[in-house]
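# Okay, here's the prediction I keep looking at, along with the sequence it came from:
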Amino acid sequence: MQGMVPYLPELIPHLIQCLSDKKALVRSIACWTLSRYAHWVVSQPPDMHLKPLMTELLKRILDGNKRVQEAACSAFATLEEEACTELVPYLSYILDTLVFAFGKYQHKNLLILYDAIGTLADSVGHHLNQPEYIQKLMPPLIQKWNELKDEDKDLFPLLECLSSVATALQSGFLPYCEPVYQRCVTLVQKTLAQAMMYTQHPEQYEAPDKDFMIVALDLLSGLAEGLGGHVEQLVARSNIMTLLFQCMQVRGYPT
């Protein structure tokens, strides 16, 4: 990396131009290459490289080619990790793009989109807790949440994404917390019941996928961290403490 630094002031603008190349493969490779230099880009004045790179990557996130979408979304997640709160002035534009991608992306790239949104929430934290941003971000996430069944493994990345979002939004997540909390408790409860049946009758039942329980517990942790004392009433009205104790008693089993 150090050996490349003298050339980056000229190389980065050239690579950013390559993001608009007519060949999809060039656009895709340019996304990946630029992500390797995200740390250096962020170390420079924002208007010099960060802003033009962010703008062009967001365009490529909505590219007509699926591979370019994937590369751009992954590269943008890397940029988010490096830029952190440097992205706060551009949050509205970023969210407009990511939310629009919900209607454009299919299965594989949708999973990468969840990661980009979760990484954004981790990177900007409480700055995301603004009514304007919440109104943009939460409806498509909740729509996906409602569409997926409890047995669908596509819940995993969505639950991980929501955990980051809940932590970042803090009290801004309150309007959505009860149904999310209750479903997490249900996922834990179902997994524990299946584990008990498998333990007692391994010849009759399959071992459940413990990841459902794990990601649900992670999201409950995110809710508790984000909502603080507001989560007390939800805990009081549920059997989560009993379930947590049971989780600690579950022995390992093949999956």
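Structure received.

# And the nearest residue to L25 once chain neighbours are set aside, how far from Y181?
Spatial nearest neighbour of L25, excluding adjacent residues (C-beta to C-beta, 6 or more residues apart in numbering): R67 at 7.9 Å. The way it works is simple: take the backbone N, C-alpha and C, and place the C-beta from them, glycine included. For R67, the distance to Y181 (C-beta to C-beta, to the nearest Å) stands at 38 Å.

# which one of these two has more residues nearby?
Y181 (23 against 15; other C-beta atoms under 10 Å).

# which element is that one on?
Element membership of Y181 [criterion: DSSP states H and E] is helix 174-200.

# Give me the distance between that helix and the centre of its chain.
Its chain's C-alpha centre and that of helix 174-200 lie 21 Å apart, by C-alpha atoms, centre = their mean, to the nearest Å.

# count of residues packed around Q106?
Neighbour count for Q106, taken as other C-beta under 10 Å: 8.

# I should have written L25 there, sorry.
Residues near L25, counting by other C-beta under 10 Å, number 12.

# how near is it to A71?
L25 is 10 Å from A71, where distance means C-beta to C-beta.

# Kindly report the same for I29.
Using C-beta to C-beta, I29 is found at 8 Å from A71.

# Comparing these two, which residue is more hemmed in?
For I29 versus A71, neighbours defined as other C-beta under 10 Å are more numerous around A71 (28 against 17).

# Wait, the more buried one touches V26, no?
No: if you go by C-beta atoms under 8 Å, A71 and V26 don't touch, sitting 10.9 Å apart.

# can you tell me which helix or strand Y105 belongs to?
Assigned by DSSP H and E, Y105 belongs to no helix or strand.

# Chain neighbours aside, what residue packs nearest to it?
Leaving out its chain neighbours, the residue that sits closest to Y105 by C-beta to C-beta, 6+ apart is L113, at 5.5 Å.

# Output the contacting helices and strands for the helix or strand harbouring that neighbour.
Using DSSP H and E, L113 maps to helix 107-124. Counting contacts by 3 or more C-beta pairs under 8 Å, 6 or more residues apart in numbering; DSSP states H and E, helix 107-124 packs against helix 66-83, helix 91-102, helix 131-147, helix 155-169.

# can you put those helices in a markdown table and add distance to S20 and mean pLDDT?
As requested, the helices and strands packed on helix 107-124 are exported to a markdown table (distance: least, C-beta to C-beta, whole Å; pLDDT from 0 to 100):
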| stretch | distance to S20 | mean pLDDT |
| --- | --- | --- |
| helix 66-83 | 11 | 97 |
| helix 91-102 | 16 | 97 |
| helix 131-147 | 26 | 95 |
| helix 155-169 | 29 | 94 |
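
# Please identify which of these is closest to E203.
helix 155-169 (28.4 Å; C-beta to C-beta).
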